[in-house]
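Peer 1: Here's a sequence, model it:
(chains A and B)
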Amino acid sequence: MSVWQEKLPQSNTWLVGISGRLDQSLTPKLEEALNELLDNGHVSLVVDLTHATYINSGGLRCLVSAWRRAKASEGALTLCGLNSRLQEIFAMVGFDKVFTILDDCAATRGQARKGMRS
Amino acid sequence: MAQEQLLVVPGRYKEIKRICEFVAAGAADAGFDAKTIFHLELCCDEASTNIIEHAYGEEGVGDIAISYAVDDDDFTIVLRDTGQAFDPGNVPPPPAIGGGGVDVGTERDSGESRHDDLADQMRIGGLGLHFIRNLMDEVTYTADRRHGNQLVMVKKLQKDGDQ
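Peer 2: Purely as a prediction, here's the structure:
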């Protein structure tokens, strides 16, 4: 159960990854990581959920809050790597329409680099 | 009805995982598939969170008692607390959620407004209740000054060919 972050090469995008259950234990750590990046002006963010096994409404709230902050600063928060169960939860509340969600995080990394060049 | 299994934990966020694991184990024994067990965990998580946030108002105020029982057709989960009555039926569904998805609309501003509404609703437990209403087959809430609050959530047992 962990949260990590890395700056994607050749871009201004930061990737924040989580491993484990995005619940009351892990969500505060994700929230802290995202807020720290946003506070420092990093408004192009990707959240890698490849290794997330669970999410509840608190986890969704954390992601929406960061998405809104990034968007307010003319940035973006993209999600990638959701398994089928997480996809179902996002769709159930319409968040699959709110967030840009990419299937695999490799594509997201590529898109970040492409966006940087254009 | 088979014997009821009961777990009582302090009303703290860190205890919710125990509640989820307790229910998940019972659901697995009852024969539910992994997807449905995930749904049941989510519903118990959201219901427990609402007890701490809305019935007790904060952590460490009172206990959460959770039980489950299986009969021929139903897997019945009961959560009890002794906090303030918090009737999920009085919480409206999130306004931005309809027909299984957010209508972001063709007007940019309209979509933004809906997202703001959704974010506001999320703060008062509406999103968790949306999951409970959608994922459980029956949900009943009763508040009693002598016996406390009781949320009963029923999931129909899967039969051959279901789901």
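
Peer 1: Could you tell me how far the helix ranked longest in chain B lies from the centre of the chain?
Peer 2: Secondary structure of chain B read by DSSP state H shows that its longest helix is helix B:34-50. Helix B:34-50 sits 6 Å away from the centroid of its parent chain (Cα atoms, centre = their mean, to the nearest Å).

Peer 1: Could you do stretch A:13-23 as well?
Peer 2: 7 Å.

Peer 1: what about that stretch and chain B, touching?
Peer 2: Yes: against chain B, stretch A:13-23 shows contacts by Cβ under 8 Å from any Cβ of the partner chain at A:21, A:23. Every C-beta, even on glycine, is put in place using the N, C-alpha and C of the backbone.

Peer 1: Quick one: work out the angle between the helix or strand hosting A:Arg61 and helix B:34-50.
Peer 2: Here A:Arg61, judged by DSSP states H and E, is contained in helix A:57-72. For helix A:57-72 and helix B:34-50, the angle between their directions (axes from the mean of the first three to the mean of the last three Cα atoms, to 10 degrees) works out to 80 degrees.

Peer 1: Can you give me the buried ones in helix A:57-72?
Peer 2: A:57-70 (16 or more other Cβ atoms under 10 Å in any protein chain shown).

Peer 1: same deal with stretch A:15-32?
Peer 2: Buried residues in stretch A:15-32, defined by neighbour count with 16+ other Cβ under 10 Å: A:15-19, A:21-24, A:26-27, A:29-31.

Peer 1: quick revisit: which of the buried residues of helix A:57-72 come close to chain B?
Peer 2: Counting by Cβ under 8 Å from any Cβ, A:57-58, A:60-61, A:64-65, A:68 from those sit close to chain B.

Peer 1: quick check, nearest of these to B:Arg146?
Peer 2: Among those, A:Ser57 lies closest to B:Arg146 (Cβ to Cβ), at 31.0 Å.

Peer 1: Sitting in helices, which of the buried residues of stretch A:15-32 do you find?
Peer 2: Per DSSP H, the buried residues of stretch A:15-32 map to helices at A:27, A:29-31.

Peer 1: Hmm, B:Ile77 and B:Gln150 touching each other?
Peer 2: No: with contact defined as Cβ atoms under 8 Å, B:Gln150 does not count as touching B:Ile77 (11.0 Å).

Peer 1: list the contacts for residue 15?
Peer 2: Here I'm looking at chain A. Residues in contact with A:Leu15 (Cβ atoms under 8 Å, 6 or more residues apart in numbering or on different chains) are A:5-8, A:45-48, A:105, A:108-109.

Peer 1: Can you look at chain B instead?
Peer 2: Contacts for B:Glu15 (Cβ under 8 Å, 6+ apart) come out as B:9, B:48, B:64.
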